[in-house]
Structure formats: structure tokens, C-alpha cells
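# Need the 3D shape of this:
(one chain, ligands or ions: 1)
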Amino acid sequence: MPDLPGTEGLDAPVRNDAAIELVPELNLILVGPPGAGKGTQAEKLTEDFGLPYYATGNILRDAVAEGTPLGKKAKEYMDNGDLVPDDVIIGVILEALESDEAANGFLLDGFPRTVPQADALEGALENVGRKISGVLLVDVPDDEVVKRLSGRRVSKSGRVYHVDFDPPKQEGRCDIDGSDLIQRDDDKPETIRKRLAVYHDQTEPLVQYYEDRDLLRRFDGTRSPTDVHDHIRATVATLRLEDEL
Ligand code: AMP
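Below you'll find the predicted structure:
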């Protein structure tokens, strides 16, 4: 049986299954413009709280690489910096959230991205007596996003570099596997502008949507990744406590 958070160092705590069920599930959503550092934060948060992580951008990129029917439907939209249609992505995420792995909590990144997606998520959770615990907005101004994303390079294995902020030892080559670094099609400057426009137009309304539900928590994504993480972790711990009370 895994240790319960906060019980480390206590003498043989008495636990039973009923007690474990009392620990409220954490159903979290990361929101923010492209390049805000959501992926970096997600990596840390999944470790902190042991949550399964669903990043729709990664799921879709894998589907494109594997040439699955989902990938075939999504590719053109993604290359253009457009959102894939709601009905394509909603089914994928709702299915993931029904899995055993997600039964005690989850972290979503990149979903929901539109109000219809948020409505679909809320409805599906409500149907099974679950709810969102918190929505974490990592905010970064547009010019910073352009700087970050246009310098981003990725290796075959998915390791991410930045030509200025985190360059590889040898230009254009991955430090780990030596493969050529490439620029994602959607990280090209004209596509970044498009993605930002799509974010402001279609995703930003979710800020108000979740504020109205008192679920939104804001974080300054221009701070260092460690600062942002400390702030988010403290906030999530508080959300969990509030839920327990
Ligand atoms: P990301 O890596 O999250 O920036 O996602 C990359 C691309 O995948 C986006 O520009 C969209 O084309 C697509 N995508 C990811 N998540 C969604 C979503 N929830 N709804 C629609 N399209 C999405």
C-alpha cells in the first residue's frame, strides 16, 4: 500500500480502505497560452501528487506520428495552428478519464480549450458524481511566448531545447541521442502568431468561465520554473485541504 501524503515518519499509522477513500481526489486542469511552461509544471505536479497526466497536444502529436485515424483527422488543423474540432478531441479525453488510472484524480493539459469542451467535461464529471478541484492558469504575455516558442527545438526522443535559453552542447544535435534537432511545424513564427490568436479568441473565455465557478487560480509564468512550481504546489495543497474540510 503506498504511503499516504503527510504520514511519512509517523509510527505505523493505522490505515484502512475506508480512510483512504476519504482523501479527496485531485482533478486538475492546466490552462495558459502556448509556451507558458505548462508541460514543465505538469511534469513536476504529476510527481508531487501522483496524478495521471493527459496532454492533448502530446496525444494528438503521437497520433499524427503513428498515422492513426485520429492523427489523420488532426494533422492539418495542427499544422495550421488551428484547434482540432471539439467532437474529435472531447471523445478522446472523456475516454481517458473513464479509465481506472484516472479514477482517483488526473491532470489535464491543453484540454479544455473551448467553452463547449469545458461544458462537455463538466457534464461528464457531474454524471459520475465527480468535479474539478482547480484550474491552474499559467499566464505569459504574447511577446514572451513568441520568444520562447520560436527558439524551441526538439529531438526525436522529445527532449526540448531552446537556442538561447537551453542550447544543446553541439548546435542542432541532441545531447542525449545525437539526433538532429528540429523545429515543430507549429513553432514557426507565423504559426505561433496564429496559435496565440486562437488562444485569445477561443481559450481565454475559459478564464472567466472558471472564475465564475470559483475554480481559477492564477500563476505568473514569467517567473522561474521553480518559483512557479512552488507557488502551484502550495496552492494545490491548499485546494486539497479545503476539499477535506
Ligand atoms: P499543444 O501542444 O497543447 O499546444 O497542442 C498542439 C496542437 O494540438 C494545438 O495547436 C491544436 O491544434 C491541437 N490541440 C491540442 N489540444 C486541443 C484541444 N483541447 N482542442 C483542440 N485542439 C487541440
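# is the helix or strand residue 78 falls within anywhere near the ligand?
Per DSSP states H and E: residue 78 is located in helix 69-80. Yes. Interface with the ligand: helix 69-80 contributes 77, 78 (Cβ under 6 Å from any ligand atom). Every residue, glycine included, has its C-beta placed from N, CA and C.
# So what touches that helix?
The contact list for helix 69-80, computed with Cβ atoms under 8 Å, 6 or more residues apart in numbering, reads 60-65, 83-85, 88, 92, 185-186, 191, 194.
# cool, and stretch 217-231?
Stretch 217-231 has contacts (Cβ under 8 Å, 6+ apart) with 32, 36-37, 40-41, 44-45, 134-141, 144, 232, 235, 239.
# One more: stretch 85-99?
Defining contact as Cβ under 8 Å, 6+ apart, one finds that stretch 85-99 is touched by 52, 54, 56, 59-60, 70, 73-74, 77, 83, 102, 106, 108, 111, 113-114, 116-117, 120-121, 124-125.
# Let's see which of the residues you listed end up in strands.
Residues of the contacts of stretch 85-99 located in strands (DSSP state E): 54, 106, 108.
# Count the residues that sit near the first one.
Around residue 54 sit 21 other residues, with neighbours defined as other Cβ atoms under 10 Å.
# got a list of what it touches?
93, 96, 97, 102, 106, 107, 108, 109, 111.
# For the third one, grab the count of nearby residues.
Other residues lying near residue 97 total 21 when counted by other Cβ under 10 Å.
# Now do the contacts for residue 29.
107, 108, 109, 111, 112, 132, 134, 135, 136, 210.
# Export those residues as TSV, with columns for distance to residue 227 and pLDDT.
Shown next, in TSV, are the contacts of residue 29 (distance: Cβ to Cβ, whole Å; pLDDT from 0 to 100):
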residue	distance to residue 227	pLDDT
107	20	97
108	23	97
109	19	96
111	26	97
112	27	98
132	25	96
134	19	96
135	20	98
136	14	98
210	23	98
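# Now render those as a markdown table, adding distance to residue 201 and neighbour count.
Output for the contacts of residue 29, formatted as a markdown table (distance: Cβ to Cβ, whole Å; neighbours: other Cβ atoms under 10 Å):
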| residue | distance to residue 201 | neighbour count |
| --- | --- | --- |
| 107 | 25 | 23 |
| 108 | 21 | 25 |
| 109 | 20 | 24 |
| 111 | 17 | 25 |
| 112 | 15 | 26 |
| 132 | 23 | 19 |
| 134 | 24 | 21 |
| 135 | 19 | 23 |
| 136 | 21 | 27 |
| 210 | 17 | 22 |
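# pLDDT of the helix or strand where residue 91 lies, averaged?
Applying DSSP H and E as the criterion places residue 91 in helix 86-97. Throughout helix 86-97, pLDDT has a mean value of 95.
# in it, what counts as buried?
Of all the residues in helix 86-97, those buried under the rule 16 or more other Cβ atoms under 10 Å are 86, 89, 90, 92, 93, 96, 97.
# how about residue 136, what does it touch?
Contacts of residue 136 by Cβ under 8 Å, 6+ apart are 28, 29, 30, 31, 41, 217, 219, 232, 235, 236.
# export those residues to JSON lines and tack on distance to residue 200?
Listed next are these as JSON lines, based on distance: Cβ to Cβ, whole Å:
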{"residue": "28", "distance to residue 200": "23"}
{"residue": "29", "distance to residue 200": "18"}
{"residue": "30", "distance to residue 200": "18"}
{"residue": "31", "distance to residue 200": "13"}
{"residue": "41", "distance to residue 200": "21"}
{"residue": "217", "distance to residue 200": "20"}
{"residue": "219", "distance to residue 200": "18"}
{"residue": "232", "distance to residue 200": "23"}
{"residue": "235", "distance to residue 200": "24"}
{"residue": "236", "distance to residue 200": "26"}
